[in-house]
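A.B. asks: Quick one: sequence plus predicted model below, questions after.
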Amino acid sequence: MATRHALDNVTCKNATSEGKKIRKLHDGEGLYLWVYADGRKYWRLRYKIHDKEKSISIGVYPKIGLKQARENSQLERDKLDQHLDPSIERRIRKQQSKEAAENSMEAVAREWYSKQLNTWVPSHAKDVLRRLEVNVFPYLGNLPIKKIEAPELLNTVRIIEQRGAYDLAHRVLQVCSQVFRYGVATGRCSRDPAIDLRGALTPHKKKNQAAVKPEELPELLRAISQYETIGDKQTQLALQLLAYTFTRTNELIGSVWSEFDLENALWVVPSERMKMRNEHVVPLSNQALKILAEVKVIAGDSRFVLPGRNPQKPISNNTLLFALYRLGYKGKMTGHGFRAVASTALNEAGFNPDAIERQLAHGELNEVRGAYNRAKYLPERIKMMQWWSDHLEALEKGASVTPIFRKAT
């Protein structure tokens, strides 16, 4: 015998609360349309289980019409026939959905990212997040991280390869691997599928920053010393200071006078400006101090060592690179290249490799260890930096110098 229902579409559409706070219109078999004073209408199903009356929401009217509400109600009543409480089952599904969202690839990746932020400089942090948001989240973000296998990860990375971005594909895979390892550590997945992709990506040749050969260094130094004839004096001094200190270009460009202890011949780059987020000490040679004195005159009242046209901002990141271009070294030398040249020369000169690495700021990610090591080997580094400056000065002048391949004394 067909169930007789009390409601029809017209009644549902025209129903009002008739001045009541809530008016409940019964349709049959526990289905009600709740009509509120402000015009809102909701479907609810009342039922009884284990001698206890309960009710659950079936949907919002008119998004859920009368026919759909009856079908939804029947599905819930079918559960009752199996002695299942619809409200409990719904709560379980909601909890499972919440857990799935918290354990998705995107959720775990963003949690991992937040843990790494204090170890990265802002530019690197921005790059990592952009790689995830553009290349990973659209394809794997909603999936539970524990469900992602090597084939799904490979398909995602190959989308990057199809753009010809082979280097980026490898970088994205490395980031994903770190996210999976974090997922393993926090109990959200059991293994890192990126391990299975070794050899599966298109190989790419890493491009090192251009740097002159040792025998080409004297000519470069002489060219820089004459840069003032084709450019400005500040840029010439900046290139010379970069050569003497071999810091990263952005570390020099962003430097401010408060970082310099000229009396003690030390430059302390604060941790927030360092790639490895550890404070870095740069001993200043006599030559570097002389250059800084000239730079100070040009900088005037600016807090920046190398102010741009606007004294409240430093010079552009490309200023030194374009200066090398003007000197004829495009594709042959970069600001970063001074680090490679110095590393090679100092190692061949016999200085302690650990002292060289410390001066290059290839530091530990561990904050405590980094803080302890910031001044490690400092006496040797002071001697090394002065030797390096003397060596560059001699090369520029074409003087006889201690051979670069002989151990320094």
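C.D. replies: Nice, thanks for sending it over. What you see is a predicted model, and the numbers here were worked out from it, not measured in a lab.
A.B. asks: List the buried residues in stretch 49-64.
C.D. replies: Residues of stretch 49-64 classed as buried: I56, I58, G59, Y61, I64 (neighbour count, 16 or more other CB atoms under 10 Å). All C-beta spots, glycine's among them, are computed from the backbone N, C-alpha and C.
A.B. asks: Tabulate those (JSON lines), appending pLDDT and distance to L242.
C.D. replies: Below are the buried residues of stretch 49-64 laid out as JSON lines (pLDDT from 0 to 100; distance: CB to CB, whole Å):
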{"residue": "I56", "pLDDT": "88", "distance to L242": "70"}
{"residue": "I58", "pLDDT": "88", "distance to L242": "70"}
{"residue": "G59", "pLDDT": "90", "distance to L242": "67"}
{"residue": "Y61", "pLDDT": "93", "distance to L242": "71"}
{"residue": "I64", "pLDDT": "91", "distance to L242": "68"}
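A.B. asks: Spatially, which two of those are the most separated?
C.D. replies: Across these, the longest distance by CB to CB is 15.4 Å; it joins I56 and Y61.
A.B. asks: just checking, what packs against the helix or strand hosting T235?
C.D. replies: Using DSSP states H and E, T235 sits in helix 233-245. For helix 233-245, the packing partners by 3 or more CB pairs under 8 Å, 6 or more residues apart in numbering; DSSP states H and E come out as helix 217-225, helix 249-253, helix 286-299, helix 319-326, helix 378-397.
A.B. asks: Skip ahead from the helix or strand hosting V10 and say which helix or strand is next.
C.D. replies: Assigned by DSSP H and E, V10 belongs to helix 9-14. Tracing the chain C-terminally past helix 9-14 and defining elements by DSSP H and E, one meets strand 22-28 next.
A.B. asks: For that next one, which residues meet the burial criterion?
C.D. replies: R23, D27.
A.B. asks: send the alpha carbons of the helix or strand just after it over as CSV?
C.D. replies: For strand 22-28, the succeeding helix or strand toward the C-terminus, using DSSP H and E, is strand 31-36. Taking Å, rounded to 0.1, in the frame of the first residue of the first chain, the C-alpha atoms of strand 31-36 are listed here in CSV:
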residue,chain,number,x,y,z
LEU,A,31,9.6,13.8,7.5
TYR,A,32,9.0,17.4,8.4
LEU,A,33,9.5,20.8,6.7
TRP,A,34,10.5,23.3,9.3
VAL,A,35,9.5,26.9,8.4
TYR,A,36,11.2,29.7,10.3
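A.B. asks: Give me the sheet partners of strand 31-36 and which way each runs.
C.D. replies: strand 22-28 (antiparallel), strand 41-49 (antiparallel) (DSSP bridges).
A.B. asks: What residues of that strand count as buried?
C.D. replies: L31, Y32, L33, W34, V35.
A.B. asks: Equivalent analysis for stretch 169-188, please.
C.D. replies: Result for stretch 169-188 [16+ other CB under 10 Å]: buried residues 169-173, 175-183, 188.
A.B. asks: what separates the helix holding V10 from the chain centre, distance-wise?
C.D. replies: 55 Å (CA atoms, centre = their mean, to the nearest Å).
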